[in-house]
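In: Predicted model follows, preceded by the sequence.
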Amino acid sequence: MNAKISTCKLCLLDNVEIRDSHIIPKWAYKEVRGDSKDIVNHTKGVVRYSDKQLKELLLCSACEQKIGRRENYVKSISFNKKGECNAIKLLNFNIGQSNNSEQVAWTDASPLDKQSIAYFTASVIWRASISFKGKGQVSLGPYQEILRSYLNEEIIFPKEANLLIYFHDPYKEDPFYQIATLPVTSKLSSKNRYVYCHQFLCLGILYKFFLGKNIPSEFQELCFVHSSNSLVFWTSLDQDPTMDGIRETISGAEVRGRLAQGK
């Protein structure tokens with residue numbers, strides 16, 4: 001494991017040993033790989049087989065463990081490489097439930113550890129925002145420091161933050177539970193006001209994290225954390241615009257190496 005003596009990006013302690021920190025959790029790579037030796041990796045417009053994992057020296061050991069505790073919980077409710085998901089039982093979802101005209105179902109989120117899921121979501125997005133290797137994909141502006149304070153347990157979940165959680169319904173769909181993406185930032189317009197959405201897909205769960213003072217009321221009412229009637233969605237991700245973006249990105253990429261050779 002690589003390490004150096006520097007300042008931790010999260011707790012801001014100086015002269016501490018900094019460890020290699022994954023942007024996407026290490027366990028996600030393992031589940032994406034499944035029984036294969038390789039991962040199909042998309043980087044800078046190129047698709048190829050690669051076992052490379054995005055990580056860099058960011059955090060001290062204590063902060064790694066702080067984030068790791070929440071990551072372990074999220075792993076326990078995410079899809080595994082076989083397409084199995086413990087959240088299905090916890091939330092009483094039925095496979096194919098979202099295969100209706102609206103392509104979405106929802107249920108009470110109270111059986112889930114909402115604070116761990118919210119922390120995990122914010123941590124992935126924040127790490128992507130400070131990452132040199134993933135620079136340019138996520139921009140948090142003034143909220144970067146607010147999220148750092150939240151992740152360092154100095155403040156509670158920010159009132160300007162809004163989280164929506166979508167579980168993948170694998171009924172007659174592509175295996176989205178074998179995909180993990182880096183977070184990306186998009187700018188949304190609502191009633192002549194703008195709000196920023198930072199989202200990523202990780203093992204069959206789509207995380208949509210809104211930040212700003214102009215979050216639409218319909219999103220606020222469904223917030224996984226703030227809403228009194230907290231919900232999670234069981235949805236046909238095949239119909240979500242996020243998937244269209246992923247398909248467009250991959251279809252326009254250059255295929256290289258063994259993947260191009262059909263091996």
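Out: Yep, that arrived.

In: Without its sequence neighbours, what residue ends up closest to Ile215?
Out: Asn162 (4.8 Å; C-beta to C-beta, 6 or more residues apart in numbering). Any C-beta I mention is one placed from the backbone N, CA and C, and that applies to glycine too.

In: my read is that neighbour is in a strand, agree?
Out: Yes - using DSSP: H, G, I helix; E, B strand; the rest coil, the secondary structure at Asn162 is a strand.

In: okay, now it: neighbour count?
Out: 25 (other C-beta atoms under 10 Å).

In: Check what pLDDT Gln2 gets.
Out: Rather than Gln, residue 2 is Asn. Looking at Asn2, its pLDDT reads 65.

In: Let me see the ranges of the strands in this structure.
Out: 3-6, 16-22, 39-43, 46-50, 55-60, 104-108, 161-168, 184-190, 193-202, 205-211, 231-235, 254-255 (DSSP state E).

In: unless I'm mixing things up, Ser78 is touching Gly204, no?
Out: Yes - using C-beta atoms under 8 Å, Ser78 is in contact with Gly204, at 6.4 Å.

In: which neighbours do those two share?
Out: Listed contacts common to Ser78 and Gly204 are 85, 177; contacts here mean C-beta atoms under 8 Å, 6 or more residues apart in numbering.

In: Just grab the bridge partners of the most centrally placed residue in the chain for me.
Out: Geometric centre of the chain, nearest residue: Phe200, 4.0 Å, by C-alpha atoms, centre = their mean. Note on Phe200: beta-bridge partners by DSSP bridges are Tyr207.

In: contacting residues for it?
Out: Residues in contact with Phe200 (C-beta under 8 Å, 6+ apart) are 24, 124-125, 128, 180-184, 206-207.

In: Recalculate using a threshold of 6 Å.
Out: For Phe200, the contact set (C-beta atoms under 6 Å, 6 or more residues apart in numbering) comprises 181, 183, 207.

In: burial of the last one, as a residue count?
Out: Neighbours of Tyr207 under the rule other C-beta under 10 Å: 23.

In: for Leu211, same thing?
Out: Leu211 has 23 nearby residues by other C-beta under 10 Å.

In: If I look at it, what pLDDT would I see?
Out: 90.

In: residue contacts, it?
Out: By C-beta under 6 Å, 6+ apart, the neighbours of Leu211 are 143, 160-161, 196.

In: How about Thr107?
Out: Leu91.

In: quick one: it and Val124, what's the gap?
Out: 24 Å (C-beta to C-beta, to the nearest Å).

In: Ser227 too?
Out: On the measure of C-beta to C-beta, Ser227 and Val124 end up 22 Å apart.

In: what's the answer for Leu222, then?
Out: 21 Å.

In: Mind checking which of these two has more residues around it?
Out: Comparing Leu222 with Val124 by other C-beta under 10 Å, the one with more neighbours is Val124, at 27 against 19.

In: show me what contacts that one?
Out: Contacts of Val124 by C-beta under 6 Å, 6+ apart: none found.

In: Test my guess that Cys197 contacts Phe209.
Out: No - counting by C-beta atoms under 6 Å, Cys197 does not reach Phe209; the two are 7.1 Å apart.

In: Which of those two has more residues huddled nearby?
Out: Phe209 (25 against 19).
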